[in-house]
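got a structure for you, letters missing:
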């Protein structure tokens, strides 16, 4: 991509008169979280309007921003039908090297994961992901993308729709929405209009400069390199990652007394890159930016009929790629809950679980990122510095010490705490279900068996005797027997990854692929599952669940794969 796409401004209909009905959902901000949520909702049959103050993706200029996408994110994008584009365009590496004071300390090789639908992670500039999401939404009749539509006023509803005031090139208009989701970033305008302040857990003066370069005529190994206390960078840290288009992401930690403006000059950046490499190389600077980080989170991600997702809800240092991946998981958690509520199949209390679960995830991300940041640069923390020095001294000769090096461990999917949506004490309750390949011949994977709402997976060759009449005609629950869909390798993979034998164990899986409950056939009988679903969705839940539209997700009703699986099961 040589330049960012520019999307056309289209005069909103509300400029010429009010809508008869409020929008079901208005999403403020067309970034990763907002676009992912919009695509999830329209695939579930919910019309969405997305309001963005810009007319492009990312930021002005080809800024990589987020660029490491975890396996969990790829699984979510697989469900939304765009993982293939991300994987095809992205870059994977499996060797990482760590140097300290310019001496090799440790290296590691990531193992292939042939048992999984997606083999680990992918490196790709964030603007590509956002472009793919916009492309998908432009094909959806229920998606209304409004560029150069800046929200300048919010009047949230209490028991009914709220009103948004929106600035456009043609002037200001008002529009109503039953639910508003603020996905408008770290400096959220919606958050400010509501007078909300996130709780700040720490604020650092540590600053970094990103220099994205396009390398010409030189072949660097496609490996991740991390320098701790690099001599070429005044004893500070450096990262080097490969991305698409022969572009390399370089992050340089700045000295406390360093002038950021001087560091960001063309001459300053070129000198810094050449000092790191130690030899002449030919490169162009694609983008640069200075950043600092802080850790903060709203006390609640729900305020009446306004919800917050992504950076507007929580901020975390980029160690371990927890920001963009976490925002995508916010959308994955919220989409199905909003859809069920709007379609009359759940009570509004379901949205409180969104706030509880995703705040829990944000706080875990903050804890993990703080550990990484202390290891990369302990500063005046003497105990942390001594701990780091001991690990670095032992790491070259001892693998146990090398494994303790923490320069940013890639984020893992959140494990949600016990609640009406997470039942029992099974080790997998609350965890995201791994997307295990069940059949090598056609690549059938575990997530392809999941319905649009809840799925009872029976790890055996037949349904429990009392499950025949428990497959709900209302569509909220589908029973699937896994055994007949597996080949021998798939059965082995299930045992290895989940610790289950195909002996009739029943697992209840939520629409976001997290395990609601797990146990054997006797521990989770169909009648108990029905009771749990009633409690989770609230007493106001409708007896009839909406069917997903025919153009919906890959494995939603109406899709040929869904029909084939249902017939097999």
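Looks like it came in fine. Just so it is clear, the structure is predicted and the values come from calculations on it, not from any experiment.

List the buried residues in the longest helix along the chain.
Taking DSSP state H as the criterion, the chain has its longest helix at helix 349-376. Neighbour-count burial for helix 349-376, counted by 16 or more other C-beta atoms under 10 Å, picks out 350-351, 353-366, 368-376. Placement of C-beta: from N, CA and C, glycine included.

Strands of the stretch 51-200 of the chain, start to end?
For the stretch 51-200 of the chain, the strands defined by DSSP state E, counting those that start in this stretch cover 68-69, 95-100, 103-109, 122-123, 143-146, 150-155, 162-168, 171-182, 199-216.

Just the pLDDT at residue 523, thanks.
Note on residue 523: pLDDT of 58.

From the contact counts, what lies against the longest helix of the chain?
strand 199-216, strand 282-297, strand 302-303, strand 306-308, strand 314-315, helix 322-342, helix 382-394, helix 526-537 (3 or more C-beta pairs under 8 Å, 6 or more residues apart in numbering; DSSP states H and E).

Sheet-wise, list the partners of the third one with their directions.
Translated: strand 302-303. Note on strand 302-303: by DSSP bridges, its sheet partners are strand 306-308 (antiparallel).

do the first one as well
According to DSSP bridges, strand 199-216 forms sheet pairs with strand 247-253 (antiparallel), strand 282-297 (antiparallel).

ok and the longest helix of the chain relative to strand 199-216, angle-wise?
On the basis of axes from the mean of the first three to the mean of the last three C-alpha atoms, to 10 degrees, helix 349-376 is oriented at 60 degrees to strand 199-216.

about what we covered before: check the strands of the stretch 51-200 of the chain for me and report the most buried one.
Mean neighbour counts were compared across the strands of the stretch 51-200 of the chain using mean count of other C-beta atoms under 10 Å; the top stretch is strand 68-69, at a mean of 26.

could the helices and strands packed on helix 349-376 be laid out in JSON lines, adding mean pLDDT?
Below are those laid out as JSON lines (pLDDT from 0 to 100):
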{"stretch": "strand 199-216", "mean pLDDT": "89"}
{"stretch": "strand 282-297", "mean pLDDT": "92"}
{"stretch": "strand 302-303", "mean pLDDT": "96"}
{"stretch": "strand 306-308", "mean pLDDT": "97"}
{"stretch": "strand 314-315", "mean pLDDT": "95"}
{"stretch": "helix 322-342", "mean pLDDT": "96"}
{"stretch": "helix 382-394", "mean pLDDT": "93"}
{"stretch": "helix 526-537", "mean pLDDT": "86"}
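
okay, those in JSON lines with distance to residue 2 next?
Listed next are the helices and strands packed on helix 349-376 as JSON lines, based on distance: least, C-beta to C-beta, whole Å:
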{"stretch": "strand 199-216", "distance to residue 2": "10"}
{"stretch": "strand 282-297", "distance to residue 2": "10"}
{"stretch": "strand 302-303", "distance to residue 2": "41"}
{"stretch": "strand 306-308", "distance to residue 2": "34"}
{"stretch": "strand 314-315", "distance to residue 2": "31"}
{"stretch": "helix 322-342", "distance to residue 2": "23"}
{"stretch": "helix 382-394", "distance to residue 2": "41"}
{"stretch": "helix 526-537", "distance to residue 2": "48"}
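
Show the average pLDDT along the longest helix of the chain.
94.

try stretch 163-170
On average, stretch 163-170 scores 97.

Give me the contacts around it.
9, 11-12, 14-15, 26, 28, 51, 53, 146, 148-155, 157, 172-177, 180 (C-beta atoms under 8 Å, 6 or more residues apart in numbering).

Residue 126 touches residue 32, doesn't it?
Yes - using C-beta atoms under 8 Å, residue 126 makes contact with residue 32 at a distance of 6.7 Å.

For residue 564, report the pLDDT, please.
40.

now swap in the one 3 residues further on and tell me
Looking at residue 567, its pLDDT reads 41.

Check residue 343 too.
Value listed for residue 343 in the pLDDT field: 92.

circling back to that earlier point, okay, residue 126 and residue 32: which has more neighbours?
residue 32 (30 against 20; other C-beta atoms under 10 Å).

Pop out the phi and psi values for the more buried one.
Dihedral angles of residue 32 (phi, psi; degrees, to the nearest 10) stand at phi -60, psi -50.

So it sits against residue 311, correct?
No - counting by C-beta under 8 Å, residue 32 stays clear of residue 311, with 9.1 Å between them.

quick one: low-confidence parts of the stretch 1-150 of the chain?
60 (pLDDT under 70).

now the helices: where do they sit in it?
Under the criterion DSSP state H, counting those that start in this stretch, the stretch 1-150 of the chain contains helices at 32-43, 71-79, 83-89, 126-138.

Would you reformat the ones you listed as TSV and include distance to residue 104?
Formatted as TSV, the helices of the stretch 1-150 of the chain follow (distance: least, C-beta to C-beta, whole Å):
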stretch	distance to residue 104
helix 32-43	35
helix 71-79	28
helix 83-89	31
helix 126-138	31
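
winner for burial among those?
Mean neighbour counts for those (mean count of other C-beta under 10 Å) peak at helix 32-43, with a mean of 28.

what's that helix packed up against?
strand 23-28, strand 48-51, helix 126-138, strand 143-146, helix 322-342.

Out of the ones you listed, which gets nearest to residue 264?
Distance to residue 264, taken as C-beta to C-beta, is lowest for helix 126-138 among those, at 20.1 Å.

Packing partners of that closest one?
Against helix 126-138 (3+ C-beta pairs under 8 Å, 6+ apart) you get helix 32-43, helix 83-89, strand 143-146.

Of those, give the one that comes closest to residue 198.
It's helix 32-43; of those, that one is closest to residue 198 (C-beta to C-beta) at 15.4 Å.

and that closest one, how far from the chain's centre?
Relative to its chain's centre, helix 32-43 lies at 12 Å (C-alpha atoms, centre = their mean, to the nearest Å).
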